[in-house]
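Q: With the input below, show me the fold.
(chains A and B)
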Amino acid sequence: MTAPRPTAHLAELNIATLSYPLDDPRVAPFVEALDPVNAAADGTPGFVWRLVDESGGDATGLRPAGENVIVNLSVWETQEALWDFTYRSGHLEVMRRRREWFERHVRAHLVLWWVPAGHIPTVEEALERLADLQAHGPSPRAFTFASSYTAAEAAPYLPDSPHPSDSPSTPCLPDSPDSPDSPGLPAARPV
Amino acid sequence: MEDIETIAVLQDPVRRRLYEYVAAQGREVGRNEVAEAAGVSRTLAAHHLDRLTEAGLLVSGSRRLTGRSGPGAGRPAKVYTRARAEWSVSLPARDYRTAAELLAEAAEEAGLDAGLCAAARRRGEVLRGEAGPCGSLGEVMGVLAARGYEPHLEEKAGAEAGEGARAVRMRNCPFDVVAERFPPLVCGMNLALLEGLLGADGSLRARMDARPGECCVVVEDSKNNTD
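A: Presented below is the predicted three-dimensional model:
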């Protein structure tokens, strides 16, 4: 028996506000960890894709969310694969020391959402999902590890997938950032 | 089955010995191996292992232990591992877990990592008491076992033989539920606790080296880690 091919992958965005510029010696341990940790991610079972800038190594050169805000955008086959990499690999040591290098975020700084397998999320799409989470709390459109939804629950909200009502104001399409919520969404929970 | 009934299944001394043996291996074990290790007959071991599985303390599966497959490989044998679920009984009822989760949530939101780690390191030092820093991996094993970490020695793959080729890893995370919800915060707390417990000025070093299914900390010879 073979398992059915997954039709959905999990996309992840997290943002981090640097306390110092990346060339400051105080963030040197973080910068030194970038290559090994990214290489570990690339070699992790279940890893699909991650965003890189023109350097080709990582995405720290991109600052779509603010001059001192670095972004991490990646796609994984399952939530378990992403969780194990995030918290059960060399990445945990970087997380443990996060307060040395990054400002504390008052609002959500990590968001998860399902995408059709093969879909590469854009930075705009990712930032919209984060804004969705910050504004409405966890939902099948945008959620967190602690309050996650299955791909089946998120099926109506996959980017680039037909919307059930074929509404022109599909909230998850990257080109409609200010569209109102679709009818029938579960009540938004407070953050 | 209520937690208290599940735990009561371990009251039988033979059964408890079998359970502890399976738990200590950290892998699937067959009936023959368990029977031999506990010095009981295979039939008796099988009976107790299945009783432990029924209670939810062990999980059973089947595997060809010979590593062969195809015709002539024999019937797959029944194998057992410890179940991941946890059970506890407190009389009178106490709920420290909810308290721990709420405190961790508040500490995470307020960014109190440094203060939490300082408190954990102090606690580790208090637990160590008058004893000096741990001087050998064997001593570390004893200290960690007493605190429920279920330590085991691991030969480091690819390491040169001799000093520093071995490390102590831990199968059990005593803070599992809270650590899963707030990994950087609680795993950092755990590392600081262990640093205090083992003593930072000795020849051994605890550092974070997380991998799936185990405690995130490894203890090794500090001489071997000058990189």
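Q: residue closest to the middle of chain B?
A: The central residue of chain B, meaning the one whose C-alpha is nearest the mean C-alpha position (C-alpha atoms, centre = their mean), is B:Asn172 at 2.0 Å.
Q: Let me know the secondary structure of the residue lying closest to B:Asp209 once chain neighbours are set aside.
A: Spatial nearest neighbour of B:Asp209, excluding adjacent residues (C-beta to C-beta, 6 or more residues apart in numbering or on different chains): B:Val218 at 4.3 Å. (Glycine included, C-beta is placed from N, CA and C.) State at B:Val218, reduced to three classes by DSSP: H, G, I helix; E, B strand; the rest coil: strand.
Q: B:Val218 - how many residues pack around it?
A: 20 (other C-beta atoms under 10 Å in any protein chain shown).
Q: Quick check: pLDDT value at it.
A: Reading off the confidence values, B:Val218 has pLDDT 95.
Q: Tell me how many other residues surround the closest residue to the residue nearest to the centre of chain B other than its chain neighbours.
A: Nearest residue to B:Asn172 in three dimensions, chain neighbours excluded: B:Glu150, at 4.0 Å (C-beta to C-beta, 6+ apart). B:Glu150 sits with 19 neighbouring residues when counted by other C-beta under 10 Å.
Q: Need phi/psi at B:Glu150.
A: Geometry field for B:Glu150 lists phi and psi as phi 50, psi 60, criterion degrees, to the nearest 10.
Q: and if you look at A:Glu67?
A: The phi and psi values for A:Glu67, taken as degrees, to the nearest 10, are phi -60, psi -40.
Q: Could you do B:Gly111 as well?
A: Listed backbone geometry of B:Gly111 is phi 70, psi 40, with angles given as degrees, to the nearest 10.
Q: pretty sure it contacts A:His105?
A: No. Applying C-beta atoms under 8 Å, one finds B:Gly111 not in contact with A:His105, separated by 9.1 Å.
Q: mind listing the strands for chain A?
A: Along chain A, the stretches classed as strands by DSSP state E are A:8-17, A:47-50, A:69-76, A:110-116.
Q: Just put the ones you listed in a markdown table and tack on mean neighbour count, mean pLDDT and distance to A:Gly61.
A: A markdown table is the format used below for those (neighbours: other C-beta atoms under 10 Å in any protein chain shown; pLDDT from 0 to 100; distance: least, C-beta to C-beta, whole Å):
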| stretch | mean neighbour count | mean pLDDT | distance to A:Gly61 |
| --- | --- | --- | --- |
| strand A:8-17 | 22 | 96 | 14 |
| strand A:47-50 | 17 | 96 | 14 |
| strand A:69-76 | 21 | 96 | 9 |
| strand A:110-116 | 23 | 96 | 21 |
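Q: As JSON lines, those with distance to chain B would be great.
A: Listed next are these as JSON lines, based on distance: least, C-beta to the nearest C-beta, whole Å:
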{"stretch": "strand A:8-17", "distance to chain B": "12"}
{"stretch": "strand A:47-50", "distance to chain B": "14"}
{"stretch": "strand A:69-76", "distance to chain B": "14"}
{"stretch": "strand A:110-116", "distance to chain B": "12"}
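Q: could the ones you listed be laid out in CSV, adding distance to A:Ser139?
A: Compiled in CSV, these are given as follows (distance: least, C-beta to C-beta, whole Å):
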stretch, distance to A:Ser139
strand A:8-17, 15
strand A:47-50, 23
strand A:69-76, 20
strand A:110-116, 10
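Q: Which of those sits closest to A:Thr144?
A: Distances from A:Thr144 to each of the strands of chain A were compared using C-beta to C-beta; the minimum, 6.3 Å, belongs to strand A:110-116.
Q: B:Val178 contacts B:Ala99, correct?
A: No. Under the criterion of C-beta under 8 Å, B:Val178 lies out of contact with B:Ala99, with a separation of 10.1 Å.
Q: show me the contacts for the residue nearest to A:Tyr149 when sequence neighbours are not counted.
A: On the basis of C-beta to C-beta, 6+ apart, the spatially nearest residue to A:Tyr149 that is not a chain neighbour turns out to be A:Pro140, at 4.3 Å. Contact partners of A:Pro140, counting by C-beta atoms under 8 Å, 6 or more residues apart in numbering or on different chains, are A:Trp114, A:Tyr149, A:Glu153, A:Ala154, A:Pro156, A:Tyr157, A:Pro186.
Q: what does chain A put close to chain B?
A: Within chain A, the positions adjacent to chain B are A:84, A:86-93, A:95-96, A:98-99, A:104, A:146 by C-beta under 8 Å from any C-beta of the partner chain.
Q: Which one of those is nearest to A:Pro29?
A: A:Glu93 (9.6 Å).
Q: excluding its backbone neighbours, what's nearest the closest one?
A: Per C-beta to C-beta, 6+ apart, closest to A:Glu93 is B:Met208, 4.5 Å.
Q: and that neighbour, bridged to which residues?
A: B:Val217 (DSSP bridges).
Q: from what I can see it touches B:Glu214, true?
A: No. B:Met208 lies out of contact with B:Glu214 (C-beta under 8 Å); the separation is 11.9 Å.
Q: per-residue pLDDT, residue 178?
A: Reading this off chain A. On the pLDDT scale, A:Asp178 gets 39.
Q: sorry, should have said chain B
A: On pLDDT, B:Val178 comes in at 96.
Q: who touches it in this structure?
A: B:Arg97, B:Ala100, B:Glu101, B:Ala104, B:Val186.
Q: re earlier: what score does the residue nearest to the centre of chain B have for pLDDT?
A: The model reports B:Asn172 with a pLDDT of 94.
Q: And the average pLDDT for stretch B:104-120 is what?
A: Rounded mean pLDDT across stretch B:104-120 is 95.
Q: What residues sit buried inside that stretch?
A: When burial is assessed from 16 or more other C-beta atoms under 10 Å in any protein chain shown, stretch B:104-120 yields the following buried residues: B:Ala104, B:Ala107, B:Glu108, B:Gly111, B:Leu112, B:Asp113, B:Leu116, B:Cys117, B:Ala120.
Q: low pLDDT regions in chain A?
A: In the predicted model, chain A carries pLDDT under 70 at residues A:1-6, A:161-191.
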